[in-house]
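**Student:** what's the 3D shape of this:
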Amino acid sequence: GSVGGSGVTTYAENIGVMAVTKVYSTLVFVAAAVIAMLLGFSPKFGALIHTIPAPVIGGASIVVFGLIAVAGARIWVQNRVDLSQNGNLIMVAVTLVLGAGDFALTLGGFTLGGIGTATFGAILLNALLSRRLVDVPPPEVVHQEP
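**Tutor:** Take a look at the predicted model:
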């Protein structure tokens, strides 16, 4: 939070918040981070937050993360991603499941969480599935009279 992002969230969530609010100024996020840090030093504010029932926090979380997911889907729509192509469909499906399922990937002593694993999977699948033949002309259709 101290370097301009929303406190205690990942980069992908910051991008989602920016897309939903249409506020792209890092100054706003720096101000929000400073306010959040200052409120963190207030036991009374912590006690106030603690009085919010868990179902209310859960409901708010569903709305916020749902909005972030829809903002991501809007990016696909705006960029006209063709989900009728199997390669694109597989990339979207696998990365959504990896991220939403919070799949962890451990390599030696290094562990990637769900967002990192989904990002790694998307990059890998994009490299493997988006190879296209270059300079291959389409076949010509010849019509002959019977």
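
**Student:** Just the helices from the protein, written as ranges.
**Tutor:** According to DSSP state H, the chain carries its helices in the segments 11-21, 26-40, 43-50, 54-78, 86-100, 114-129.

**Student:** So which bits of the fourth one are buried?
**Tutor:** If I follow you right, that is helix 54-78. Within helix 54-78, the residues scored as buried using 16 or more other Cβ atoms under 10 Å are 68, 71-72. All C-beta atoms are positioned from the backbone trio N, CA, C, and that covers glycine.

**Student:** again, but for the last one
**Tutor:** Of the residues in helix 114-129, those scored as buried under the neighbour-count criterion (16+ other Cβ under 10 Å) are 114-119, 121-122, 125.

**Student:** average pLDDT across it?
**Tutor:** What helix 114-129 shows for mean pLDDT is 88.

**Student:** Quick one: list the elements packing against it.
**Tutor:** helix 11-21, helix 86-100, strand 105-107 (3 or more Cβ pairs under 8 Å, 6 or more residues apart in numbering; DSSP states H and E).

**Student:** quick one: which of the ones you listed is nearest Val142?
**Tutor:** helix 86-100 (29.4 Å; Cβ to Cβ).

**Student:** ok and the closest one relative to helix 54-78, angle-wise?
**Tutor:** 160 degrees (axes from the mean of the first three to the mean of the last three Cα atoms, to 10 degrees).

**Student:** which strands and helices sit next to helix 86-100?
**Tutor:** helix 114-129.

**Student:** Other residues contacting the helix it packs on?
**Tutor:** Residues outside helix 114-129 that contact it (Cβ atoms under 8 Å, 6 or more residues apart in numbering) are 10-12, 87-88, 90-91, 94-96, 98-105, 112.
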